[in-house]
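**Q** Return a 3D structure for these sequence lines:
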Amino acid sequence: MSLKHVVGATLIAGSLFAAPTVNAKQKLTGEEQLAKILDGRVAGKPVNCISLNQAQNTQIVDKTAIVYRVGSTYYVNRPANAETLDSDNILVTKLYSSQLCRLDTIQLRDRTTPSMWNGFVSLQEFVPYTRPKAAK
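**A** Numbering: from 1, shown residues only. Have a look, this model is predicted:
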């Protein structure tokens, strides 16, 4: 193999590693993820508690919030220590009533190693987001 072929092969190999990946999906920030979830919804008056047994879905927004869906309403909680929230966490909630309230704490467990704790968050007010009613 000549030097010309070695240099050519090296340049081709190097360009493969240096080339930007066209199909790479840019990861959204937590605020961008939350905006996407709440698109088309408007915020209501914050409440201190929600009925957890009526929540049909819970979603963690990385380093930002926890979204609880109750019927067609999304309740957004931006807890203290939100920077520890990760969508790979499991939320461990201890209830002392049928409601989840401001100042309750939620422990975070690692999904891949459930015996590992990842910290906790302290809930704040729940902001309801609903779709606006159509004008008549």
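**Q** Which parts of the protein are helices?
**A** 3-18, 30-37 (DSSP state H).
**Q** what's the spacing between the shortest one and its chain's center?
**A** So that's helix 30-37. Centroid displacement of helix 30-37 relative to its chain, using Cα atoms, centre = their mean, to the nearest Å, is 8 Å.
**Q** and it, what other elements does it pack with?
**A** If you count contacts as 3 or more Cβ pairs under 8 Å, 6 or more residues apart in numbering; DSSP states H and E, helix 30-37 packs onto strand 57-61, strand 65-70. C-beta: built from backbone N, CA, C; applies to glycine.
**Q** Quick check: the closest residue in space to D86 that isn't next to it in sequence vs S51, distance?
**A** Spatially, and ignoring its direct neighbours in sequence, D86 is nearest to D62 (5.8 Å; Cβ to Cβ, 6 or more residues apart in numbering). Separation of D62 from S51 (Cβ to Cβ, to the nearest Å) stands at 26 Å.
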